[in-house]
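A.B. asks: could you look at this predicted model? Sequence included:
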Amino acid sequence: MIPVAKPILSGEEIEGIRAVLDSGILAQGEAVAEFEEKFAEYVGASHGVATNSGTSALHTSLAALGVNEGDEVITTPFTFIATATSILMQRARPVFCDIDPETYNIDPDQIQEAITKRTKAIIAVHLYGLPCDMKPIMEIAQDNGLKVVEDACQAHGAEYQGKKVGSIGDVGVFSFYPTKNMTTGEGGMITTSDPQVAEKAGMIRNHGQSQRYVHEIMGYNYRMTNIAAAIGLSQLNMLDQFNAKRRENAGYYDKNLKVKTPFVPKGMKHVYHQYTIEVEGREEFLKHLERHGVGYGVHYPIPVHKQPLLRDYNDIALPNTENASMRVVSIPVHPGLAEEERELVVRTVNSYE
């Protein structure tokens, strides 16, 4: 079976881990600080704050921006559940806007209509590695005094009009889960050019400490380990190479597949965390892939507003999201994909009737 995702590791990760083990300092330390600095520089932000997951990075970013109980945060329902639960963790209320059916990202035209006197922030999710249309989102935020969180957990290295995602909004949030474009095993990163937000985020992820044993604000144990950071430093060195291979694989699919393939608007650089197509009769199509040894993913079969956890939202009608959730299928695009595997994927998809 050709896997839909596959982390690519080299000897550098092992050397970095060994150096951390030899140092005897396994928890947050110099390796984490170096990773924060280099990742922020790569993105084009002034500060990086490393965490132990993308979810904790999302939660920390909202807390650092001052999202509190009773506030509203506008976002997309076509995303992983953590986008919404990070809002709930602050006792705030998610407000869902429908997606653009071509990009699967939040439709900026619907954001303005969703704003109320309680709205505090917008979370723009760069789904599958494709940037949101950030210009109108930022204009709406500025006109209404709102904060913008870029959920770039699937978009390491993606670009919008020449700027890397994670450097456009008030904060950017990244995940380093093993299936992502780069990994630390588990881990996350907040990027920002606001020194006050960076300082507060750094305190929140470390029990609210301003200095050792001085706890000024509510905080959590969201720290990244030096071991994870050592892996991340090696992976960061390879990220552009990984993304180039993903884009090459995507280009091959674009030319050869006979189904609806990803739409990339002008001025955007897609990094293909997922290569997502649309099909009719998805259940039978998935069986067809299985019979031919092609792995797949469905991201996401149940939109966030239809999840049991968010039962108060279940009756909301978001037709573009609901239609996409019934039709999307992600096929292998990872940088470890061999040429003959790409060819098999194309033959298999195109032979489905």
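C.D. replies: Perfect, I can see it now.
A.B. asks: distance from the element among helices and strands of the chain having the smallest mean pLDDT to the middle of the chain?
C.D. replies: Here the helix or strand of the chain ranked lowest by mean pLDDT, DSSP states H and E is helix 11-23, holding a mean of 90. Its chain's C-alpha centre and that of helix 11-23 lie 27 Å apart, by CA atoms, centre = their mean, to the nearest Å.
A.B. asks: helices or strands up against it?
C.D. replies: With contacts taken as 3 or more CB pairs under 8 Å, 6 or more residues apart in numbering; DSSP states H and E, helix 11-23 sits against helix 226-256. Every residue, glycine included, has its C-beta placed from N, CA and C.
A.B. asks: next SSE after the least confident helix or strand of the chain?
C.D. replies: helix 30-43 (DSSP states H and E).
A.B. asks: in that next one, which residues are buried?
C.D. replies: Ala31, Val32, Phe35, Glu36, Lys38, Phe39, Ala40, Tyr42, Val43 (16 or more other CB atoms under 10 Å).
A.B. asks: then stretch 210-226?
C.D. replies: Gly219, Tyr220, Tyr222, Arg223, Met224, Thr225, Asn226.
A.B. asks: and what of stretch 255-269?
C.D. replies: Leu257, Thr261, Pro262, Val264, Met268, Lys269.
A.B. asks: which one of these is nearest Glu278?
C.D. replies: Set against Glu278, the nearest of the buried residues of stretch 255-269 by CB to CB is Thr261 (8.7 Å).
A.B. asks: mind checking pLDDT for that closest one?
C.D. replies: pLDDT for Thr261: 96.
A.B. asks: how is the chain divided into domains?
C.D. replies: Using automatic domain parsing, the domain ranges for the chain come out as 11-233, 239-350.
A.B. asks: want to throw the buried residues of helix 30-43 into a markdown table with distance to Glu283?
C.D. replies: A markdown table is the format used below for those (distance: CB to CB, whole Å):
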| residue | distance to Glu283 |
| --- | --- |
| Ala31 | 46 |
| Val32 | 44 |
| Phe35 | 42 |
| Glu36 | 44 |
| Lys38 | 44 |
| Phe39 | 40 |
| Ala40 | 43 |
| Tyr42 | 41 |
| Val43 | 39 |
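A.B. asks: can you put those residues in a markdown table and add distance to Val73 and pLDDT?
C.D. replies: Below are these laid out as a markdown table (distance: CB to CB, whole Å; pLDDT from 0 to 100):
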| residue | distance to Val73 | pLDDT |
| --- | --- | --- |
| Ala31 | 33 | 96 |
| Val32 | 28 | 97 |
| Phe35 | 28 | 98 |
| Glu36 | 25 | 98 |
| Lys38 | 30 | 98 |
| Phe39 | 25 | 98 |
| Ala40 | 24 | 98 |
| Tyr42 | 27 | 98 |
| Val43 | 22 | 98 |
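A.B. asks: those strands in this structure, which residues are they?
C.D. replies: 47-51, 72-75, 93-96, 119-125, 147-151, 159-160, 163-164, 171-175, 188-192, 209-211, 214-215, 268-269, 275-278, 328-331 (DSSP state E).
A.B. asks: run through who's touching the third one.
C.D. replies: So the one you mean is strand 93-96. 70-77, 84, 87-88, 114, 116, 118-119, 304-305, 310, 313, 316, 318 (CB atoms under 8 Å, 6 or more residues apart in numbering).
A.B. asks: could you flag which of these are buried?
C.D. replies: Counted by 16+ other CB under 10 Å, the contacts of strand 93-96 give 71-77, 84, 87, 114, 119, 304-305, 310, 313, 316, 318 as buried.
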